[in-house]
Structure formats: structure tokens, C-alpha cells
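Participant: what would the 3D arrangement of this be:
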Amino acid sequence: MGQFKNFFWQWRGVWITTPLVAVLVILLRLVGLLQSWEWAAFDRYMQLRPQTKVDDRIAIVGIGESDIEKLGTANIPDIVYARLLEKLKARKPRAIGLDIYRNLPEEPGYKELVQVFRSTPNLVGIEKVIGNKAWEIVPPPPELKAKQQVGANDLLEDADRKVRRSFLYVRDRDGKIIWSFAAHLALHYLEKEGIAVKRIAETKYQIGKSIITPFEANDGGYVRSDARGYQIILNYPNGNKHFNTVSLTDVLSDRLPPEWGKDRIILIGKIAESAKDSFFTPYSGGLIDLAAPMTGVEIHAQLVSQMISAALDGKSFFKSWSEISENFWILFWSGLGAILTWRLKNAARVKRFSFLKITALFLAAGVLLGSTYLAFLGGWWIPVVPPLLSFTGSAIAILFYLAHSAAEIRKTFGRYLTDEIVANLLESPEGLKLGGERRKITVIASDLRGFTALSEQLSPEEVVKILNIYLGYMTDVITYYHGTIDKLMGDGILILFGAPTIRENEAERAVACAIAMQLAMQSVNEKLASLGYPEIEMGIGINTGEAVVGNIGSEKRTEYGVIGNQVNLAFRIETFTVGGQIFISESTFSEVKSIVRINGEKEMKMKGVKQPIRVYEVVGIGEPYNLFLPKQEEILFPLHKPIGIQYTIVEGKIVEESLFKGKLVKLSAKGAEVQIDNVEEGFIPPNCTNIKLNILSGRSTEVSKDIYAKVLANSAENGIFYIRFTAKPIHIIPLLEVLSKHTNKV
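Facilitator: Now for the predicted structure:
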């Protein structure tokens, strides 16, 4: 169960995106918004099919503009058609189709034409059956109707005015079946092949080697189309090639070869532009071609060719999947788009929207287009646009989801690393490589004075709350000055300037940042005071020098960091500070001395360093920063009665065992003057030494809780040294404040 939950969570984007996008695409399809796109895909596939030879079994006698001009009239008299039919009969065709309305006489020659109608059993005339109004219906020639030699020549136009469907038969207003003009001609041709149309089910017919199923309202790319009658999708087997076409004049003038027309189907129709008997088809226009129509007689010839090829050669009629199958097809591609994009999100060493991702998506889309095209060649109209849209939509949705997740990851990691480090890790091809580079940087090391001792007096929750308040203010300041927080070490912060991004004036910005941090401590303490917590202080050390920066660790656990003696030196400089102080090294001072304001310099002996280190106390920085620390003059007032103490030395985190005794003789809220009891036997701690002291009770050997301080100056001759408190027990703070105020009044 746990593994299933883990698997589901890892692929959550796929489980959510796949059905949502698929349902959305299906809904768009159901309301018809994708129908025109699907028609366009059908047309493009039709145009891309390999070209076939012109069907020589069919010929057309076209009545063009030149024929009309020679006859001198657009209304061709019946005598002309009578002579034309007689000449065509002599050529022994299998069938003749007259795609001309002849329901009314057009003298001269009506009797002669009627005689031809009666004497030609393989002649098929036309009538217009479908019409919304009575005057839109055109009856057939009565003589041919009586012999059942008439077919409906109605053509179906889609909303974009293209003909993609035709009729096998239609029903008139009385519900009687009337076979289409093309079907009549094809069956005449196939009769000599011993083939007739057979009904094998209520709506299925067999013609030779092929089964014909009726077009349904939602087949292929259609949505709720008009499926009345018995419709089939036109296959246009001859493409955009014209059939063998001769003119009316050529036939009447006997200009054709003797064998022309034998055993053929000959269609007669108007091809003159003035006849306005032309329609747009899937071949009408390409990407850059102008739309070229096809005449009505040619469209009928296409359907005749399609039916003969299906019967004799087994070329199937267009088929479609069921709606359920098509919906699953859309769902499949939606899932594939989501899976591919989700799967590739963690591809190693691959940048966002990488070549690998784009190539994989394009290959998948190519498979979709290729498979549907091959199916098209096999007579299947499988949806193209909806699955392609669902595939693309899922991929885009996952990319947006990943982008949102990346933003959340950046935001989350930004709480542990700076935005620049996150960007370096996530976006740079080299960002995840182990190793580093030597670079000149400026390092800030800050630490709260006595916070460890304070934390022992508070609950863990309170400690965390204080730290969050403190770090919240500090992070804002550091971000403003473009510093990089390398580490948060409890109450300590290590800040880099010059890594991972190099900018101008790194040392200047570092010093300005440190001053701004000290100024921000006032807001921190105001916030803490409002919550009832004691005041805290911070010391800062700054150093500039070369260090190695980069990814440190192993393939399993890596940390972006900085290594070098210059970093250690910044930490050691920081240990010499008391609350509110900023010490900078000589190397940093040389970078900023033109604008920095200092309050003296000191040489300090540091552990592990042979030569004394010169440090400078910073109190301000000029243009363009103009930041200055407020002046703080600490005045020690004599105590009316000295307070006995015992103290010991603190080295790092180790408290030495040797105890020394003395007394506080002068006091302020933040510091004191200490005099040892016996100059000869006592121990005067060196400057910058950290000590732990306890106040002795005058009545017993009881001592107070630990107070921590740093030695600021000493006088060995007088047995006196001056200290600055770094950590005071909470219950002693009021006592020291009262004593300092009392001595002040005295």
C-alpha cells in the first residue's frame, strides 16, 4: 500500500493532467470547435497521398465554353444531345451518364431525344432529390424515370463549402430509395463483371470485394453532421487529376479514335465556368495554392471510380472508430504527452526545455501523425487534431506545473540557500559539478553575543522564535546588499560577497551590509521587547582574500560552500568583537579605506597565526551608502560597595577549571571594572579574553548563575581589567540595571 501511495505521488502530475486535458479536448470536440481543423487535416492527408494513375475505365464528355460558343447558345437544344448520345452509343460503352437536367423540352429535337432515351438501356439520367423547398427539386426525364434509369445527382457540401461526402442512395419525400447517379453508373459497369450490390445487414451492403457501411453523424472529424440518406466518404481515388476528357465538339465532329469509349463509363456534363457547376474539394488549395474547384461531373466520376475500385480491387471505403475508441485514443495521447514530459523532468545534465526533451516530444508527435497517415492510406479516418491537441496540451500543462513547482522549489530552497545559488545549481550546466575555483571574496562572519547561555535559560520554542525574528531581519538586509548566505549556524551567519556571482565593489557592499545589520538590531530588539524577551547583541568580523568556492561533498550529498584560511580569519576576527562592534581585516580596509570611517585599530594575536593581525573597528561608511553607527559612550560608575566575584577563563567552548577571585568596583548596564583581590597571586586575563564570572553571596559560598564577558583592557600593575558583558542570566539583568542606575545617582 505504501509503495502504491509513493508511486501515485511521484506521478501525481500525470494522473491529474491526463484526464483533465483529455476531457477538455473531448468537450471542445463535442461542441464542434475542432471540426474544421480535423477537416483540414483530412484534406492535407488527401493531398499527401501518393498519386495514382487516371482511371481509364471512365471518360468525360465536357461541355466547355468553346462548345457553347460554337453552338451559339448556353441552352443546348435536345437535338444536339440526341446526336451526341447516338454517336456515344455507337462506341459501345458499358454505361452513359447524362449529368444534364432534361426534365423539360428544349426544341428543336425533343422527339428525337425521347427516342434515344427509350432505345438506350445503359443510359442514366439525373434528378435533384434533396431540397428544402419544392422549387429546389428537379424532376428527371419521364422516359428514363419510367425505365428506372435515373439517379440522384445531389452533392453534399460541408460548412467550409467542400465536398467530402456523397450518397450511395437518398430517399425522396415519400421515403422511396433513389440510388445515386454515380452508383447507377458503377452498377451498370459491374453488371458485366457479374457483380451486384447485396444487402448483408440492415445498413450494410456488399459490392464485390468490399463492404459498405453508412456514414454516421460523428464519424471521422465530423460532429453532429447531417447523416440523412446513405452517405459514404469520398475517397477521390484519382486525386486532383482530371479524367480522360473530350469536348462535345470532338464527339460530334468524329475527331476521336475509333476505340475511344469502348467498355467505358462515359459521363456527359458541363465544365464551362459559366455553368457554375463546380465545387471545392479536399484538393482545392494547399498551403500556398489558390483554391481550385472541381466540376460536378468530375466529382460524380470520382465516386464511380471509387465504387468500381472497391468492388474489383478490394479498395475499402473510409471507416472510422467508434466514439468510445476515439475518446480512449485522445486519452492515450494525453497520457503520453504528460508521461514523456514528466519522465524527462529529471533527465541528467539536461537544461530546461533541452534538446532531448523537445526531440522526444516532436518524435512522439511524429509517431501520431505518421500512424494516422498510414491508417488513412489503409482507409481509416482516425482523429488527428484532438489527440495532437491533447498530447500538446498535456505536455504544456506538465511544463507549467513543473515551472510552478520549480518556482516553489526555488522559494523553498531560497530559505536555505540564496536565489543565486539555487539558480546556479538548477540552471547552469556546470552547477551540479563537484569542485571549486579560487576566487577573491569578502567574507562576513556574524554571531550573537552570549546567545548559547541565553538559550539555556529559555525553552527550545522560545529560542527558535528569537532566532527566526533575528534571522528574518538579517536576511532582508543581506539580500538588499546582494550578499550570499553560505551558512546559518544557529545564531551565526556566514555571508559571501563575490560568490557565486561576481559584482563590483564587493568589499564596500560587505561593509555597508554589516553596518546595516547592526542598525537593524534596534528593530530586532524592539520586536523582542514587545514579546517580553531580553535584548540581544551581535558582533561582526569581515575579511577579504582568496578562497575556493564551489560544490563540496559527494554525488549523494553536496553543499555549495567556501573553504580557505581567509574564511577562518573572518571567524577569528569576529570572536574579538563585542555586541554592536564590526571589525575588519587589513585586507578589507585597503579595499574600502577611501569611504570607511573607523574608530581605531588594534593588533591582535590569534591562535594558529604567527604574526599579530591588525584589525579596524568600523563605525560608518560614506557615499554612496551613508550608513553610520550611533555613538555609544559607556560610562562606568563606582559602586558604593564592591561586589565579590569569582571568574575563570573560557577558551572557545571550554571553561577552564582554575578559579580566580576579585570584585566589581565600577559598573554600567553593559560592562564593569574588575579588581583582583591579590595582585601577586591573582591572574589578569589578556585583552579580548572571554571569561565566565559568578557573583558571590556575602552570606555564604553560594554563587549566582553564570555571567559571560570579554576583557577589553587591563592594567597589570593595579590589578584592574575592564570587561564587557556578553551574556547575562535573565534574573540578573534587572539587578545590574538597578545597580548601574544607583551608582549613577551616587
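
Participant: residue 518 is in contact with residue 628, isn't it?
Facilitator: No - with contacts counted by CB atoms under 8 Å, residue 518 stays clear of residue 628, the gap being 10.4 Å. Yep, even glycine has a C-beta here, placed from its N, CA and C like the rest.

Participant: more neighbours: which of the two?
Facilitator: residue 518 (23 against 14; other CB atoms under 10 Å).

Participant: if I look at that one, how far off is residue 618?
Facilitator: Distance of residue 518 to residue 618, given as CB to CB, to the nearest Å: 9 Å.

Participant: what number of residues lie near residue 534?
Facilitator: The tally of other residues near residue 534 (other CB under 10 Å) stands at 17.

Participant: let me fix that, I meant to ask about residue 97.
Facilitator: When neighbours are counted by other CB under 10 Å, residue 97 registers 30.

Participant: gap between the closest residue to it other than its chain neighbours and residue 140?
Facilitator: Leaving aside its chain neighbours, residue 97 sits nearest to residue 267 (4.3 Å; criterion: CB to CB, 6 or more residues apart in numbering). Between residue 267 and residue 140 the computed distance is 16 Å (CB to CB).

Participant: more neighbours: which of those two?
Facilitator: residue 267 (27 against 23).

Participant: now the more buried one, what's its secondary structure?
Facilitator: Here residue 267 is strand, with the state taken from DSSP: H, G, I helix; E, B strand; the rest coil.

Participant: find me the pLDDT at it, would you?
Facilitator: As summarised for this prediction, residue 267 has a pLDDT of 97.

Participant: my guess is it contacts residue 62, does it?
Facilitator: No - using CB under 8 Å, residue 267 is not in contact with residue 62; the gap is 9.0 Å.

Participant: list residues touching both of these two?
Facilitator: Shared contacts of residue 267 and residue 62 (CB atoms under 8 Å, 6 or more residues apart in numbering): residue 297.

Participant: picking that back up, so what sits against both of residue 518 and residue 618?
Facilitator: 582, 629.

Participant: which strand or helix spans residue 52?
Facilitator: Using DSSP states H and E, residue 52 sits within no helix or strand.

Participant: ugh, wrong one, I meant residue 630
Facilitator: In the assignment (DSSP H and E), residue 630 maps to no helix and no strand.

Participant: next, count neighbours for it.
Facilitator: Residue 630 has 10 neighbouring residues, counting by other CB under 10 Å.

Participant: now do residue 253
Facilitator: As a burial measure, residue 253 scores 11 neighbours (other CB under 10 Å).

Participant: just give the closest residue to residue 198, not the sequence neighbours.
Facilitator: Residue 198's closest residue in space is residue 206 (CB to CB, 6+ apart), at 4.7 Å.

Participant: paired strands for the stretch of helix or strand the one you found belongs to, with orientation please.
Facilitator: If you go by DSSP H and E, residue 206 is part of strand 205-207. Sheet pairing of strand 205-207 (DSSP bridges) gives strand 197-199 (antiparallel), strand 210-212 (antiparallel).

Participant: below-threshold pLDDT in the stretch 501-650 of the chain: ranges please.
Facilitator: Applying pLDDT under 70 to the stretch 501-650 of the chain flags residues 552-560, 607-609.

Participant: just the helices in it please.
Facilitator: 506-530, 565-575, 586-592 (DSSP state H, counting those that start in this stretch).

Participant: on that earlier part again, so which of the strands paired with strand 205-207 is nearest residue 660?
Facilitator: With CB to CB as the measure, strand 210-212 is the member of the strands paired with strand 205-207 nearest residue 660 (110.9 Å).

Participant: and the strands in the stretch 451-600 of the chain, which stretches?
Facilitator: Here the stretch 451-600 of the chain has its strands, by DSSP state E, counting those that start in this stretch, at 484-489, 492-497, 538-553, 558-563, 582-585, 596-604.

Participant: mind showing which ranges of the stretch 1-150 of the chain have poor pLDDT?
Facilitator: For the stretch 1-150 of the chain (pLDDT under 70), the answer is 1-10, 132-135.

Participant: how much space separates residue 657 from residue 595?
Facilitator: 48 Å.

Participant: same question but for residue 248, I mixed them up
Facilitator: 101 Å.

Participant: more neighbours, those two?
Facilitator: residue 248 (24 against 16).

Participant: neighbours around the closest residue to the more buried one other than its chain neighbours, how many?
Facilitator: Leaving aside its sequence neighbours, residue 248 sits nearest to residue 67 (CB to CB, 6+ apart; 4.2 Å). Around residue 67 there are 21 other residues, counting by other CB under 10 Å.

Participant: neighbouring contacts of stretch 583-592?
Facilitator: Where contact means CB under 8 Å, 6+ apart, the residues beyond stretch 583-592 that reach it are 442, 507-508, 510-511, 539-545, 569-570, 573-574, 576-577, 596, 598, 613-618, 621.

Participant: got the contact list for residue 125?
Facilitator: So residue 125 contacts 98, 102, 117, 140, 141, 144, 145, 149, 150, 151 (CB under 8 Å, 6+ apart).

Participant: surely residue 116 is in a strand?
Facilitator: No - per three-state DSSP, residue 116 lies outside any strand segment and is helix.

Participant: count of residues packed around it?
Facilitator: Neighbourhood size, residue 116 [other CB under 10 Å]: 23.

Participant: touching, it and residue 86? I think so.
Facilitator: Yes - in this structure, residue 116 is within contact of residue 86 by CB under 8 Å, at 6.3 Å.

Participant: centroid residue for the chain?
Facilitator: Of all residues in the chain, the one closest to the mean position by CA atoms, centre = their mean is residue 399, 2.5 Å from it.

Participant: work out for me the element it sits within.
Facilitator: Assigned by DSSP H and E, residue 399 falls within helix 385-413.

Participant: how about residue 269, nearest residue that isn't a chain neighbour?
Facilitator: residue 297 is the one closest to residue 269 (CB to CB, 6+ apart), at 2.6 Å.

Participant: same question, residue 54
Facilitator: residue 241 (5.2 Å).

Participant: name the SS class of that neighbour, please.
Facilitator: Three-state assignment for residue 241 (three-state DSSP): coil.

Participant: now residue 262
Facilitator: Residue 262 ends up coil, using three-state DSSP.

Participant: do you know how far it is from residue 639?
Facilitator: With CB to CB as the criterion, residue 262 and residue 639 are 137 Å apart.

Participant: who has more neighbours, the two?
Facilitator: Just comparing residue 262 and residue 639: by other CB under 10 Å the higher neighbour count belongs to residue 639, 19 against 11.

Participant: was I right about that one contacting residue 664?
Facilitator: Yes - the pair residue 639 / residue 664 is scored as a contact, 6.3 Å apart, by CB under 8 Å.

Participant: sorry, back to before: report the buried members of the contacts of stretch 583-592.
Facilitator: Among the contacts of stretch 583-592, those buried by neighbour count (16 or more other CB atoms under 10 Å) are 442, 507-508, 510-511, 539-545, 569-570, 573-574, 576-577, 596, 598, 613, 615-618, 621.

Participant: hang on, the earlier thing: what's the helix or strand harbouring the residue nearest to residue 269 packed up against?
Facilitator: Take DSSP H and E as the rule and residue 297 turns out to sit in helix 296-313. Applying 3 or more CB pairs under 8 Å, 6 or more residues apart in numbering; DSSP states H and E, one finds that helix 296-313 contacts strand 58-63, helix 181-191, strand 205-207, strand 210-212, strand 265-270, strand 278-279.
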